[in-house]
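with the sequence up front, the predicted model follows.
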Amino acid sequence: MPGLDDIRRAVSKLLKRSGPYENIVNEFIRDLQRALISADVNVRLVFNLTKRIRERALKEQPPPGLSRREWLVKLTYDELVKLFGGEYEPEVKPPYTPYVIMMVGVQGSGKTTTVGKLAKFYRGMGYRVGVVAADTYRPGAYEQLKQLADRAGAMFYGEPGSKDPVGIARRGVEELKQRGADIVIVDTAGRHGYGEEEALLDEMKRIAEAIKPDEVVLVIDAAMGQKSYDLAKRFHEATPVGSIIVTKMDGTAKGGGALSAVAATGARIKFIGTGEDIDEIEVFRPKRFVARLLG
Ligand code: GDP
């Protein structure tokens, strides 16, 4: 992942450096700061985090069995895990069935693609999945989702030409439940660009009232970087049953900024999208994610 990959380079440089320990720590901290800031992590978060690492690395003794450098890496691991969501392990298995997931997101964020990915993911777990095309806003969303449903082996409901997302969502959920779906995923209308959070959340509420989803999922494009904070915060406040998927982690240097901004709101990231293909989605586990970043 661009941006965040520099962290791995900072660690491998650290392990090769020689000289006084304090210099080594300072150089590593500088590299780490550069990497995180280039990944669009909020500057204040970066400075607080690196300050804590530096202080502990210089003032405390490593626990027995760890060299000072290994300990520095461990301190960094702990801080990065906190930055990206802490001990949290997402539960992706629905607690009961039928289970209705409603997807919301700004247009172009990868919402429809992600519906297809989730459908495939849950098919892979053995669930019967149905998807509803209630994005009446973007031309082409109906066809796109129909094809994705085919590829995922999911049932499909849509009303081509209709401009009534609430009605489609309601009828779709009902019909797919009747057809035996364990999980119904509803693709809703997106909105243009940033600054339309209000419209997005209003629409979300209207549809949510009609279909009473068990979970609402907000899709955020990683390229939004730390700007994701406001949207995630408002979403989190509006939707207690909500979770977040950050898409396009493969395509931008700003993924670190998006993940840390969402984590800072207290909202939960369940999955990340790592490519255009239907299989390119993974469960987001902060600890595993950070372990990979450190190499
Ligand atoms: P929607 O308007 O939010 O429904 O957006 P789409 O699902 O149509 O996706 C917009 C574009 O983003 C498409 O070209 C997708 O292939 C692309 N896309 C979606 N998710 C990912 C991802 O995780 N990585 C990459 N590289 N592209 C993605």
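Received it, and whenever you're ready, just let me know what you need. Residues are numbered from 1 along each chain as shown.

got the residues of this structure near the ligand?
Contact residues (C-beta under 6 Å from any ligand atom) of the chain with the ligand: 105, 107-113, 138, 190, 247-248, 250-251, 273-276, 280. Glycine gets a C-beta too; all of them are placed from N, C-alpha and C.

kindly recompute the last result at 5 Å.
107-113, 247-248, 250-251, 273, 275-276 (C-beta under 5 Å from any ligand atom).

let's see if you can find the most crowded of those.
For those, counting by other C-beta atoms under 10 Å, the largest number of neighbours falls to T247: 31 neighbours.

residue ranges for the helices of the stretch 151-295 of the chain, please.
Shown for the stretch 151-295 of the chain, the helices assigned by DSSP state H, counting those that start in this stretch span residues 165-178, 197-211, 228-238, 255-265, 286-294.

tell me the most buried of those helices?
helix 255-265 (a mean of 27; mean count of other C-beta atoms under 10 Å).

what helices or strands is it leaning on?
Taking 3 or more C-beta pairs under 8 Å, 6 or more residues apart in numbering; DSSP states H and E as the contact definition, the neighbouring helices and strands of helix 255-265 are strand 215-221, helix 228-238, strand 242-247, strand 269-273.

centroid residue for the chain?
Nearest to the geometric centre of the chain sits V246, at 2.8 Å (C-alpha atoms, centre = their mean).

check the gap between that one and K254 for me.
Distance, V246 to K254, using C-beta to C-beta, to the nearest Å: 10 Å.

please, which helix or strand holds V100?
If you go by DSSP states H and E, V100 is part of strand 99-105.

check the offset of that strand from the chain's centre.
The chain centre lies 14 Å from the centre of strand 99-105; the measure is C-alpha atoms, centre = their mean, to the nearest Å.

which strands or helices does it pack on?
Counting contacts by 3+ C-beta pairs under 8 Å, 6+ apart, strand 99-105 is packed against helix 111-124, strand 183-188, helix 197-211, strand 215-221.

in JSON lines: these, plus mean pLDDT.
Listed next are the helices and strands packed on strand 99-105 as JSON lines, based on pLDDT from 0 to 100:
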{"stretch": "helix 111-124", "mean pLDDT": "98"}
{"stretch": "strand 183-188", "mean pLDDT": "96"}
{"stretch": "helix 197-211", "mean pLDDT": "84"}
{"stretch": "strand 215-221", "mean pLDDT": "96"}
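
any chance of TSV for the ones you listed, columns distance to P160?
Output for the helices and strands packed on strand 99-105, formatted as TSV (distance: least, C-beta to C-beta, whole Å):
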stretch	distance to P160
helix 111-124	15
strand 183-188	14
helix 197-211	19
strand 215-221	23
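
helices and strands of the chain: which one bottoms out on pLDDT?
The weakest-scoring helix or strand in the chain, judged by mean pLDDT, DSSP states H and E, is helix 197-211 (a mean of 84).

packing partners for that one?
strand 99-105, helix 165-178, strand 183-188, helix 228-238.

give me the residues contacting the strand holding V100.
Contacting residues not belonging to strand 99-105 are listed as 111, 114-115, 118, 169, 173, 182-188, 190, 200, 203-204, 207-208, 211-220, 235 [C-beta atoms under 8 Å, 6 or more residues apart in numbering].

repeat that for 6 Å
When contacts are defined by C-beta atoms under 6 Å, 6 or more residues apart in numbering, strand 99-105 is touched by residues 111, 115, 173, 183-188, 190, 204, 213-219.

where does the spatially closest residue to N42 that is not a sequence neighbour land on pLDDT?
With C-beta to C-beta, 6 or more residues apart in numbering as the criterion, N42 has its nearest non-adjacent residue at 4.9 Å, and that residue is Q226. Q226 carries a pLDDT value of 96.

any idea how many residues pack against Q226?
Q226 has 21 nearby residues by other C-beta under 10 Å.

tell me who's in contact with it.
Neighbouring residues of Q226 by C-beta under 6 Å, 6+ apart: 40, 42, 257, 261.

just for this structure, where's the confidence low?
Within the chain, the segments meeting pLDDT under 70 span 192-196.

so which helix or strand takes in L75?
Under the criterion of DSSP H and E, L75 resides in helix 68-83.

now do the buried residues in that helix.
Going by neighbour count (16 or more other C-beta atoms under 10 Å), the buried part of helix 68-83 is 69, 71-83.
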